[in-house]
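> let me see the structure of the following:
(chains A and B)
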Number of protein chains: 2
Amino acid sequence: MNNSLPRTTIKELPQLAQRQLPQPVCVKGWVRTKRGNKAVCFVALNDGSTVHNIQIVIDKAQTDPKLLEQITTGAAIGVVGTLVASQGQGQEYEIQADEITIYGTSDPVRYPLQKKGHTLEFLREIAHLRPRTNTFAAVLRIRHNMAYAIHTFFHERGYFYLHTPIITSSDAEGAGQMFTVTTLDMNKLPLAKDGSVDYSKDFFGKHTSLTVSGQLEGELGAMALGGIYTFGPTFRAENSNTPRHLAEFWMVEPEVAFMDNEGNQDLAEAFTKHCLQWALDHCMDDLEFLAEHYDKELIERIRFVVERPFVRTTYTEGVAILEEAVRGGKKFEFPVYWGADLASEHERYLVEQHYNAPVIMTDYPKEIKAFYMKQNDDGKTVRGMDVLFPHIGEIIGGSERETDIDKLTARAQEVGIKDKDLWWYLDTRRYGSAPHAGFGLGFERLLLFVTGMTNIRDVIPFPRTPNNANF
Amino acid sequence: MNNSLPRTTIKELPQLAQRQLPQPVCVKGWVRTKRGNKAVCFVALNDGSTVHNIQIVIDKAQTDPKLLEQITTGAAIGVVGTLVASQGQGQEYEIQADEITIYGTSDPVRYPLQKKGHTLEFLREIAHLRPRTNTFAAVLRIRHNMAYAIHTFFHERGYFYLHTPIITSSDAEGAGQMFTVTTLDMNKLPLAKDGSVDYSKDFFGKHTSLTVSGQLEGELGAMALGGIYTFGPTFRAENSNTPRHLAEFWMVEPEVAFMDNEGNQDLAEAFTKHCLQWALDHCMDDLEFLAEHYDKELIERIRFVVERPFVRTTYTEGVAILEEAVRGGKKFEFPVYWGADLASEHERYLVEQHYNAPVIMTDYPKEIKAFYMKQNDDGKTVRGMDVLFPHIGEIIGGSERETDIDKLTARAQEVGIKDKDLWWYLDTRRYGSAPHAGFGLGFERLLLFVTGMTNIRDVIPFPRTPNNANF
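This next block holds a predicted model:
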């Protein structure tokens, strides 16, 4: 292959084409389709940089038939040729091939990803190959862009990315069931005198688990650096085989000192709008592909959120509206009453039917929220804050945090958390306590919204669910 | 407190001061020191946004003595006042306080971080509070900036951030001992017929562990998206209590299709220079603080790497140089011969004494490198690539990958990895195989170099080591 010509990605071709046509180019990628007639062969080549293929035109008379035979769906090839304006329909430009290199063939019988459409269910079985499909490549490019948007948003605000620990000996968060992490020989467990497993012999000298949230450690960071955010994997050992649950998923958790729950709402609104605007600005090709194939209203729905001020309402107001709707004949699957944990159907009714805008709901009954949320003076509610989106309901949950150490420990005791497990967390309230607030965003929840996918297993590269930890 | 005035971070004050002095400001943060005379009190306030404090000048005659008493090291306060040019030495401007709010007091007797310097060893015991010290705040701000530099570098090159799985059922990487992840009741383990633990009853239906590397999954991504990078936690269950080992650390692993080992070296050099230049451009205050207190040559050493072209040499050449040095009287702790895994002292000799430049060493004996490295035609060496830095030795390890499925499986068998555990990885070589290469950077290794810290436990917020998983 002509080594003097550097490789161009397919994403860069439009710029090249604008500058000058014809011009020599070198592209490398994987064959999506091959068709043609007696004289020429048309190859659709994709290199993962964009959802768009480049059409390669091969003059059969000038090409070794054995080489042509090896150009099958999935094969990796390199093409040196000339980028020219296309005579055919469907593309503005194409590459007339001068020289083709076969890097890797792909058996047309055995390669699992042939031209025909595959179901998402089937593709989950071959998660090691599905990034080669248009759908998953689009999802993964959007996933990258949303991660990048998250980092740019917080960096530009002066918040610091904090790596909170994955392995933890704390179970104070209480957000869900945890996975045990151990190096003990399971077939020869050391036992304590009472016959139970002796974790003092384990790697960390005690029982350890995988984190369910970085928030408590995030608060330690915020009370030192001012503003921090976490963005890392979190885990739930819940035996839930649903389209909304993963055992391993990524979470984003900003935490900011000297910020109250109003500031928290401002931050959450600016944050989600920044991410979605980023998708509109940087991922339109992929969004259009996903809209066309999976969800016609996808782009409209993203714009809906970006363009509208979020409506801010209290839980109490929200429940009153829902109760009014029920009295007016609206049927919900789950009951609505003050004190109930609202379901997705309730949240979506408020967003899609009542307000016709994204909603930030605040001041929840303390019984349905975590122990660390700041208690209001009414003795009943806490300064929680959930952001509710169309189509999916809750996308963000957060709160101002309780700063009063007595109220905090009393509430922790009520929910069964012992002071001795919280001493390090409580030190933030003992020494230089300050108002602070933060929230958590399930990254895959955001991706469901931005991609229009409906199963959370389809927005993470290698989903971990009950009985599935393949690849 | 005067709510009409928005809070300014201390990092933003220089810009404000340049625009106009005097001017009203509101700052909030934690008290570092308090001193004064009969008339005025000087408070050094820090809010985590920068290593620099702002001096608050309090007129004692105008201030409630009880409030003054509460202003002790560690207390959280808010100050509304006037930013003015400073009359005193040591600062260009200061804040004359009009109104002070105490958010949280800090008992002068019990607060562990008093004025006096603490040892790094002591601070590790209170990892939940150490981010409040200048040293750890500086390290964590640099850590954030290095993470951000990593994302910007790869994003701007069109590579996609890929979240490879944390929980894995694969142990083909063979990079080290692994932690078991389980939900089995350890006090009541289910047993198979042969009396061994029945992992089919476990959460994932088989034995699972924490990942030691995302590389194999990263290759799957590169063979679909063209270029990817991972950046996530990785784990080693090695019982090593050294200043260079962590059980949980963060790793960066780019993987790029259609890139050979030359391109890989170019990428590694551009990547490390980008990160270090970023530190010089964005973290100079923190670097100067760390240089002054821990490592006088820190900034010089960073510039040394940024400014010099990396010398590229083969392992065979490197060993010849080292053997020549030994013949000339140089003493090493570990022996040098062709086939030996070079130690840090050897790497540093080449970098610091022989070449006086960072070194990229290539083409290692296959026996000391991983099974997936591309074999050279000599039958002895593989296209590995290590980047060697002054002060620390190896900072990056990488290679071009073997594309030939027969060579790959033969080498895997030699090191005891079974085809059945690798079938999904081998599919990248079965279907559309292409040249590709990548490398791994231990993020904390980079941070040791950039911060001048000498113990790896001091560059991660919450270190996990044998017998330590606190906080």
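> what's the pLDDT at the residue in the stretch 51-200 of chain A that chain B sits nearest to?
Proximity to chain B, evaluated over the stretch 51-200 of chain A using CB to the nearest CB, is greatest for A:Gly104 at 3.0 Å. For the C-beta atoms, the positions are set from N, CA and C on the backbone; glycine is no exception. You'll see A:Gly104 listed with a pLDDT of 97.
> list the contacts for the residue nearest to it when sequence neighbours are not counted?
Sequence neighbours aside, B:Ser433 is the residue nearest to A:Gly104 in space, at 3.0 Å (criterion: CB to CB, 6 or more residues apart in numbering or on different chains). B:Ser433 makes contacts with A:Ala76, A:Tyr103, A:Gly104, B:Met223, B:Thr403, B:Ile405, as judged by CB atoms under 8 Å, 6 or more residues apart in numbering or on different chains.
> ok, A:Gln15 - how many residues close by?
Neighbour count of A:Gln15, defined by other CB atoms under 10 Å in any protein chain shown: 9.
> element containing it, please.
Using DSSP states H and E, the element containing A:Gln15 is helix A:13-19.
> now do the buried residues in the next helix or strand after that helix.
Following helix A:13-19 in sequence order, the next helix or strand is strand A:23-36 (DSSP H and E). Within strand A:23-36, the residues scored as buried using 16 or more other CB atoms under 10 Å in any protein chain shown are A:Val25, A:Cys26, A:Val27, A:Lys28, A:Gly29, A:Trp30, A:Val31, A:Arg32, A:Lys34.
> just put these in CSV and tack on pLDDT.
Formatted as CSV, the buried residues of strand A:23-36 follow (pLDDT from 0 to 100):
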residue, pLDDT
A:Val25, 97
A:Cys26, 98
A:Val27, 98
A:Lys28, 98
A:Gly29, 98
A:Trp30, 98
A:Val31, 97
A:Arg32, 96
A:Lys34, 96
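> mind listing residues that contact the helix holding A:Gln15?
A:Thr8, A:Gln23, A:Val25, A:Val27, A:Ile54, A:Leu83, A:Glu92, A:Tyr93.
> and the helix or strand A:Leu287 falls within, how far out from the chain middle?
In this structure, A:Leu287 sits in helix A:284-293 according to DSSP H and E. Helix A:284-293 has its average C-alpha position 17 Å from the chain's average C-alpha position, going by CA atoms, centre = their mean, to the nearest Å.
> could you give the mean pLDDT of that helix?
98.
> for the next helix-or-strand element following that helix, name the packing helices and strands.
Later in the chain than helix A:284-293, the nearest helix or strand by DSSP H and E is helix A:298-307. On a contact count with 3 or more CB pairs under 8 Å, 6 or more residues apart in numbering or on different chains; DSSP states H and E, helix A:298-307 meets helix A:261-282, helix A:284-293, helix A:443-451.
> kindly export helix A:298-307 (C-alpha atoms) in PDB.
Extracted in PDB, the C-alpha atoms of helix A:298-307 (Å, rounded to 0.1, in the frame of the first residue of the first chain):
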ATOM      1  CA  LEU A 298     -36.100  11.400  19.500                       C
ATOM      2  CA  ILE A 299     -34.700  14.700  18.400                       C
ATOM      3  CA  GLU A 300     -37.900  16.600  19.000                       C
ATOM      4  CA  ARG A 301     -37.900  15.300  22.600                       C
ATOM      5  CA  ILE A 302     -34.300  16.400  23.200                       C
ATOM      6  CA  ARG A 303     -35.100  19.800  21.900                       C
ATOM      7  CA  PHE A 304     -38.200  19.900  24.200                       C
ATOM      8  CA  VAL A 305     -35.900  19.600  27.200                       C
ATOM      9  CA  VAL A 306     -33.200  22.000  25.900                       C
ATOM     10  CA  GLU A 307     -35.600  24.700  25.000                       C
END
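> rewinding a little: go through the helix holding A:Gln15 and flag the buried ones.
Residues A:Leu13, A:Ala17 are the ones in helix A:13-19 that count as buried (16+ other CB under 10 Å).
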